[in-house]
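[1] Output the structure for:
(one chain, ligands or ions: 3)
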Amino acid sequence: MSLTFASWIVVDRSRAPRTVVIEVSTRCNLSCRHCFRRFSRLEERLMDSATLREVIDQCVSLGVERVVFTGWGEPTTHPRLLDAVQELKERGVEVAINTNGTTLESVADELVELGVDEVIVSLEAFDPGRYEEIRGVSMDRVVGGLEALKAFREARSSRRPRIVTHFVVTRSNVDELRSFPDFAKRFAVSKLVVSHLVPLTASMERELACFSDPACVERLERVLEEISKYMFSHYFEVYTPSSRPRIERRCPYAWASATFVGVDGYISPCIFYAHDTRYSFDSIERTIKRITFGHISDGLENVWRSRDYVEFRARAALSLMPSCLDCKLAHYCEPTLSNERDCWGNTPTCSHCPFSHGLAVCPL
Ligand code: SF4
Ligand code: SF4
Ligand code: SF4
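    Ligands and ions are numbered 1, 2, ... in the order given. Predicted coordinates for the structure are as follows:
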């Protein structure tokens, strides 16, 4: 398919995405204070077997390279998660699972046995006391899970799964990052991904967001520099977020050729636009309306190649949209209050996406 934008001609010959993110569950066994779920009218459910079957079959037949199990819930709450993983691995697909880690111990053996490529563990503290304050549960189960994963990997002399930690930084946990090198060494963690919080309300932004507090940003930069010194001796890499809107935007989903299949089988462009929610930046509260381009039963290839989705991806990939996060008019502008339209006439729009500015980072 080719599309013309002014003097740009965009040709998309891909039959399917390279990465498919599957949301098998919108249930979670935790209730973290920073979670999107708290302000969203999210129906808690599991992906039904027929839909899961269809997603897996289509991923395999279309040659999808990587599947990531994540979403607005905890994937391990789905009873068929490991069957799905097994099938994908047997059919040659790379698999990553994003988890809060609290159920890891019970599945660690199988994750190693099945050859899962990556386990992304979300945590916002490395100290057990701080962890419990933020997540409301003891850290013991996460530690037990990581120990089990390490032990099973060693027993099988396997380098998989690679362990990644995804850390949402706030004003209250920035200093926790200092403990990461020891944590990485203890559990053989290969990578630390630091993301800024996506605050749901203006008061949450004022109280918690690190990016809106210059002193916190300075502390974060110092801490990240400090821990980066251990990268070579402790064998890990660090992905650091941008702390302010950046000139060069980059949609992580469009650039990774990724799509998101929601718990009900509807296909969204990314995790951020997968459910109705809201978020605040610079004290402007914005409403996010769910965006979908079709259902998995319409055929992933048909949806991926539909004109609306190709055009949306091209605009996101080439940043053919205004940028609201650094716009001087933002406090006087009505279109910026939702993702339904922008001042250039795009409907819908990604003009205020914190992920494209590198402020927030999603597990992909
Ligand atoms: S573990 Fe993740 S999905 Fe569950 S409540 Fe916490 S942030 Fe939300
Ligand atoms: S620019 Fe942001 S909102 Fe738009 S598709 Fe990419 S990640 Fe999603
Ligand atoms: S929609 Fe346009 S005018 Fe309004 S804040 Fe965004 S870039 Fe600025």
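[2] going forward, measure contacts between C-alpha atoms and count neighbours the same way
    Will do.
[3] for the stretch 251-364 of the chain, what spans make up the strands?
    Per DSSP state E, counting those that start in this stretch, the stretch 251-364 of the chain carries strands over the ranges 258-261, 266-268, 277-281, 284-288, 294-295.
[4] which strands and helices sit next to the second one?
    If you count contacts as 3 or more Cα pairs under 8 Å, 6 or more residues apart in numbering; DSSP states H and E, strand 266-268 packs onto strand 258-261, strand 294-295.
[5] Please name whichever of these is nearest to R313.
    The closest of the helices and strands packed on strand 266-268 to R313 is strand 258-261. By Cα to Cα, the value is 9.9 Å.
[6] Pull the residues that contact stretch 88-107.
    Outside stretch 88-107, the residues that touch it by Cα atoms under 8 Å, 6 or more residues apart in numbering are 56, 60, 64-70, 74-76, 85, 114-123, 139, 141-142, 144-146, 148-149, 363.
[7] end-to-end on it?
    Using Cα to Cα, to the nearest Å, the end-to-end distance of stretch 88-107 comes to 17 Å.
[8] One more: stretch 267-279?
    End-to-end for stretch 267-279, by Cα to Cα: 22 Å.
[9] does that stretch come close to ligand 1?
    No. In terms of Cα under 6 Å from any ligand atom, no part of stretch 267-279 sits within range of ligand 1; the closest distance is 12.0 Å.
[10] Now that stretch: average pLDDT?
    What stretch 267-279 shows for mean pLDDT is 96.
[11] That one near ligand 2 at all?
    Yes. Using Cα under 6 Å from any ligand atom, stretch 267-279 reaches ligand 2 at P269, C270, F272, Y273.
[12] Please report the distance of R45 from M231.
    R45 is 40 Å from M231, by Cα to Cα.
[13] about what we covered before: let me have the helices and strands packed on strand 266-268 in CSV, extended by mean neighbour count.
    CSV is the format used below for the helices and strands packed on strand 266-268 (neighbours: other Cα atoms under 10 Å):
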stretch, mean neighbour count
strand 258-261, 26
strand 294-295, 18
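[14] With distance to ligand 1 as extra columns, can I get the ones you listed in a markdown table?
    Below are the helices and strands packed on strand 266-268 laid out as a markdown table (distance: least, Cα to the nearest ligand atom, whole Å):
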| stretch | distance to ligand 1 |
| --- | --- |
| strand 258-261 | 16 |
| strand 294-295 | 23 |
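[15] Format the ones you listed as JSON lines; extra columns: mean pLDDT.
    Converted to JSON lines, the helices and strands packed on strand 266-268 look like this (pLDDT from 0 to 100):
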{"stretch": "strand 258-261", "mean pLDDT": "98"}
{"stretch": "strand 294-295", "mean pLDDT": "98"}
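[16] Nearest to R80 among these would be which one?
    The nearest among those, by Cα to Cα, is strand 258-261 at 16.4 Å.
[17] For K229, the count of nearby residues, please.
    Using other Cα atoms under 10 Å, K229 has 11 other residues around it.
[18] mind listing the helices for this protein?
    With DSSP state H as the criterion, the chain has helices at 49-61, 81-90, 104-113, 128-135, 140-155, 180-187, 202-208, 214-228, 231-234, 252-256, 300-304, 307-318.
[19] State the distance from P241 to H357.
    The value you get for P241 to H357, if Cα to Cα is used, is 9 Å.
[20] what's the answer for L52, then?
    For L52 relative to H357 (Cα to Cα), the value is 32 Å.
[21] what's the answer for W72, then?
    With Cα to Cα as the criterion, W72 and H357 are 21 Å apart.
[22] do the same with P363
    15 Å.
[23] Residue of the stretch 51-200 of the chain closest to ligand 1, please.
    G73 (4.4 Å; Cα to the nearest ligand atom).
[24] check contacts around that residue.
    E23, S25, T26, R27, C28.
[25] Swap in 6 Å and give it another go.
    By Cα atoms under 6 Å, 6 or more residues apart in numbering, G73 lies in contact with S25, T26, R27, C28.
[26] Make a markdown table from those residues and add distance to ligand 2 and neighbour count to it.
    Formatted as a markdown table, the contacts of G73 follow (distance: Cα to the nearest ligand atom, whole Å; neighbours: other Cα atoms under 10 Å):
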| residue | distance to ligand 2 | neighbour count |
| --- | --- | --- |
| S25 | 20 | 26 |
| T26 | 19 | 23 |
| R27 | 22 | 20 |
| C28 | 23 | 18 |
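[27] Of these, which is the nearest to A330?
    Distances from A330 to the contacts of G73, taken by Cα to Cα, are shortest for T26, at 32.7 Å.
[28] surely that closest one meets L42?
    No. Contact status for T26 versus L42: not in contact, 7.5 Å apart, counting by Cα atoms under 6 Å.
[29] Can you check the pLDDT for the residue lying closest to N29 once chain neighbours are set aside?
    Closest residue in space to N29, ignoring its immediate chain neighbours: E74 at 7.3 Å, by Cα to Cα, 6 or more residues apart in numbering. Looking at E74, its pLDDT stands at 96.
[30] re earlier: out of P241 and H357, which sits in the busier spot?
    H357 (23 against 20).
[31] Need phi/psi at the more buried one.
    phi -90, psi 0 (degrees, to the nearest 10).
[32] What's the separation between it and F312?
    17 Å.
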